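>>> sequence and predicted structure are below.
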Amino acid sequence: MILESDTLIEDFLHREENIKVLEDYMNNPNKRNKEVLDKQFKKHFYIIRCISYFIKMIHFESRHFDKKQRRRNEIYKLTLDKENDNGVHYIDLVVDFKGIECITKNLEEISEDPILHASINNLTEKQKRILYYIFVEEMKDIEVASVLGISQQAVTKAKRRALTKIRKGLSHGAGAIS
């Protein structure tokens, strides 16, 4: 305890204002100077206690958080992280699909209806690509805009025009069949 109080006093005396208060008391040891010195030392001691409290709190809370995270990770392990009967992790058995591309990249190959096929052929390449991304790849307009390097409004406008062309083509084609 003596070592702690020595460092506490040394810390207290590192500040000029505290040295001045101590010198005032040493030169004129009256009740008022003593109260000022006591008040200054109590303030310093309170600050040290608060800092010590926060340091301990951070230390123990970080340990508690780490334990909680480890426990959560152990309880809620991903299914793919588990081992099968042979000792192989399930994730190692998953096929890597990065190199495999989509079988078809255009709308004409997808549509089986001849009228729809003819309507799709009337679209521009840009409109075909936009509809492909939206309806086949199930991308949102903002994602398509990002892929094509255009604005979301341009994608929405092109999609609307393309669908209008397809509707007109289908209505004309349906009228020709009947």
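Good, I have the coordinates.
>>> need the contact list for residue 107.
Contact analysis of residue 107 by Cβ atoms under 8 Å, 6 or more residues apart in numbering lists 120, 123, 128, 131, 132, 136. Glycine gets a C-beta too; all of them are placed from N, C-alpha and C.
>>> with residue 18 instead?
12, 40, 41, 44.
>>> now, these that are in helices?
Judged by DSSP state H, these include 12, 40, 41, 44 as members of helices.
>>> so the last one touches residue 11, yeah?
It refers to residue 44. Yes - with contacts counted by Cβ atoms under 8 Å, residue 44 reaches residue 11, the gap being 7.2 Å.
>>> which one of these two has more residues nearby?
Using other Cβ atoms under 10 Å, the more surrounded residue of residue 44 and residue 11 is residue 44, with 18 against 14.
>>> just name the closest of the contacts of residue 18 to residue 171, please.
Comparing these against residue 171 with Cβ to Cβ places residue 44 closest, at 87.1 Å.
>>> any stretches of this protein with poor pLDDT?
Low-confidence segments of the chain, defined by pLDDT under 70: 1-5, 77-81, 89-106, 108, 173-178.
>>> same list, the contacts of residue 18, but as CSV with distance to residue 114 please.
Shown next, in CSV, are these (distance: Cβ to Cβ, whole Å):
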residue, distance to residue 114
12, 94
40, 95
41, 95
44, 90
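>>> which two from these end up farthest apart in space?
12 and 40 (8.0 Å).
>>> all helices of the protein, in order?
2-12, 16-27, 31-75, 107-110, 114-121, 125-131, 141-148, 152-177.
>>> quick check: residue 36 touching residue 22?
No - using Cβ under 8 Å, residue 36 is not in contact with residue 22; the gap is 9.9 Å.
>>> out of those two, which sits in the more crowded spot?
Between residue 36 and residue 22, counted using other Cβ under 10 Å, residue 22 has the larger neighbour count: 18 against 15.
>>> if I look at that one, how far off is residue 157?
79 Å (Cβ to Cβ, to the nearest Å).
>>> the contacts of residue 107: which two are farthest apart?
123 and 136 (14.1 Å).
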